[in-house]
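[1] From the sequence below, what's the structure:
(one chain, ligands or ions: 1)
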Amino acid sequence: MKLGVFDSGLGGLTVVRHLREQLPQADILFYADQLHVPYGLRDQEELYGFLCNNIATLEAQGVDAIVVGCNTSCAIATKFGMPKASVPIFDLVEAGANAAFAVASNRFGVAATPVTVNTGAYRRALMVRDAASEVIEIASPVLAGLIEQQAPAAQLRAAVQEIADLLRPCNAVILGCSHYALIEELFSEALPYAAIIDPAREQALAVANYAREQGKQTSGGASFVAWTNADTRAFIDKVNQLGLTQPCSGLAVAR
Ligand code: DGL
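    As a prediction, the model looks like this:
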């Protein structure tokens, strides 16, 4: 099974980590559109263009499925439609909403980028499942960028605290930005009474189900290739430093 994952930057690695747990043999190609990171404050039509490009880029690599590692892109897709591809596309928002209902039943929090919150994608996905849900969505204009730059822990903690203070009434909090899953422990510390939900876990289970249906659950060479359209060497160093995945077995050439 060859999987293509994309994000604006490092956050997609958290998606790769869950995929690797579910599908140890899969060949994973991770594409980061770092030329345009952070996505979360950009124009929605521009983001739709990036989404189309990212999907086409991975499709051209002959992947068996595309796993969207970016909530902002999934939120944009709820507004403009998911671009068509010849392979299945797995999104995070539906996965996150399913996971939230599996652990809690009423007061949901969502921490995400401004674009994701503005589209209302998570709110809709939760309300469709139960119209009586209470949903608090908090956008941070800075947190994804700070994580991408690997800012000092104190700065990250302060940004998380600001979000957490507003999500205190919630009994389940969805990390609605894959970058946030890189600092999941800071969210758990700041919100000790809430279940912290990383939608990528549920998403990876859906991908594993699909692989099983296709009889490809154990196929592949377990490779991991990271690919960026920005500074390739610096990116690969960061990917390997984070140690969330196996070391890259190769670098793809930047476009
Ligand atoms: N990691 C992305 C997300 O899940 C985008 C963060 C950003 O580039 O602003 O929303």
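[2] Could you check how many residues crowd around residue 102?
    Residue 102: 12 surrounding residues under other C-beta atoms under 10 Å. In this view, the C-beta of every residue, glycine as well, is placed from N, C-alpha and C.
[3] Looks to me like it is in a helix.
    Yes - using DSSP: H, G, I helix; E, B strand; the rest coil, the assignment for residue 102 is a helix.
[4] Chain neighbours aside, what residue packs nearest to it?
    residue 202 (7.9 Å; C-beta to C-beta, 6 or more residues apart in numbering).
[5] in the chain, what secondary structure element scores lowest on mean pLDDT?
    The weakest-scoring helix or strand in the chain, judged by mean pLDDT, DSSP states H and E, is strand 250-251 (a mean of 56).
[6] rewinding a little: can you pull the pLDDT of the residue nearest to residue 102?
    Residue 202 is assigned 98 on the pLDDT scale.
[7] how about it, what does it touch?
    Residue 202 makes contacts with 95-96, 98-99, 102, as judged by C-beta atoms under 8 Å, 6 or more residues apart in numbering.
[8] Let me know whether residue 21 touches residue 204 as I believe.
    Yes - the criterion here is C-beta atoms under 8 Å, and residue 21 meets it with residue 204 at 6.8 Å.
[9] So if I had to pick from the two, which one is more boxed in?
    The residue with more neighbours, out of residue 21 and residue 204, is residue 204; 24 against 12, by other C-beta under 10 Å.
[10] ok, and the closest non-adjacent residue to that one?
    residue 18 (3.7 Å).
[11] How many neighbouring residues does that neighbour have?
    Residues near residue 18, counting by other C-beta under 10 Å: 24.
[12] How about the secondary structure of residue 108?
    Following three-state DSSP, we place residue 108 in the strand state.
[13] same thing with the one 3 residues further on?
    Residue 111 falls in the strand class when you classify it by three-state DSSP.
[14] who's it bridged to?
    Note on residue 111: beta-bridge partners by DSSP bridges are residue 138, residue 175.
[15] so who does it touch?
    Neighbours of residue 111 in contact, by C-beta under 8 Å, 6+ apart: 138, 140, 143, 163, 167, 173-177, 180, 187.
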